[in-house]
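Student: sequence? don't have it. structure:
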């Protein structure tokens, strides 16, 4: 849950489109799938539902085929600039280029709770404060 929340932090290197999609999502806007399996075949992950995902979900296994003829949809940075094939399992960082909307927006169902971009320190402080409140309530303080 914290990973999804930290996507929408000021320090996150996630692409702005990615951050905005997380902010706009509800808990029902994610899907558990193997669709983005090019580079990570048959590994289940949770991603945001986008028009690209909705289009390809009926052919979910297609994403794990590792086809050499898969079109390149953009470039991402991962130890240097690399081409990203369709169904590539790398989410878009701030310097990603190409068809951003066809990339993997990894996110958990807790995305429905994320409503603003804040510094990571604020996010962590809020988590700690809430844990303290819960603990105090459990112990009648």
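Tutor: Alright, I've got the coordinates. Only a predicted model underlies this, so the values are computations on that prediction, with no experimental measurement involved.

Student: pLDDT below threshold where in this structure?
Tutor: For the chain, applying pLDDT under 70 flags the ranges 141.

Student: let's see that with 90 instead.
Tutor: Scanning the chain for pLDDT under 90 picks out 1-2, 27, 39-40, 66, 77-80, 137-141.

Student: for residue 132, grab the count of nearby residues.
Tutor: Close neighbours of residue 132, defined as other Cβ atoms under 10 Å, add up to 11. The C-beta positions use only the backbone N, C-alpha and C, and glycine is treated the same way.

Student: residue 18 now?
Tutor: Using other Cβ under 10 Å, residue 18 has 25 other residues around it.

Student: list the buried residues in the longest helix along the chain.
Tutor: Identified as the longest helix of the chain according to DSSP state H is helix 120-138. Residues of helix 120-138 classed as buried by neighbour count (16 or more other Cβ atoms under 10 Å): residue 123.

Student: what about the strands in the protein?
Tutor: Secondary structure of the chain (DSSP state E): strands at 30-33, 45-48, 72-77, 81-85, 97-98.

Student: just checking: what are the partner strands of the longest one?
Tutor: Sheet neighbours of strand 72-77, with direction, are listed as strand 81-85 (antiparallel), strand 97-98 (antiparallel) (DSSP bridges).

Student: residues making contact with that strand?
Tutor: By Cβ atoms under 8 Å, 6 or more residues apart in numbering, the residues outside strand 72-77 that reach it are 81-86, 88, 90, 92-93, 95-100, 102-103.

Student: again, 10 Å this time
Tutor: Residues outside strand 72-77 that contact it (Cβ atoms under 10 Å, 6 or more residues apart in numbering) are 13, 15, 52, 81-88, 90-103.
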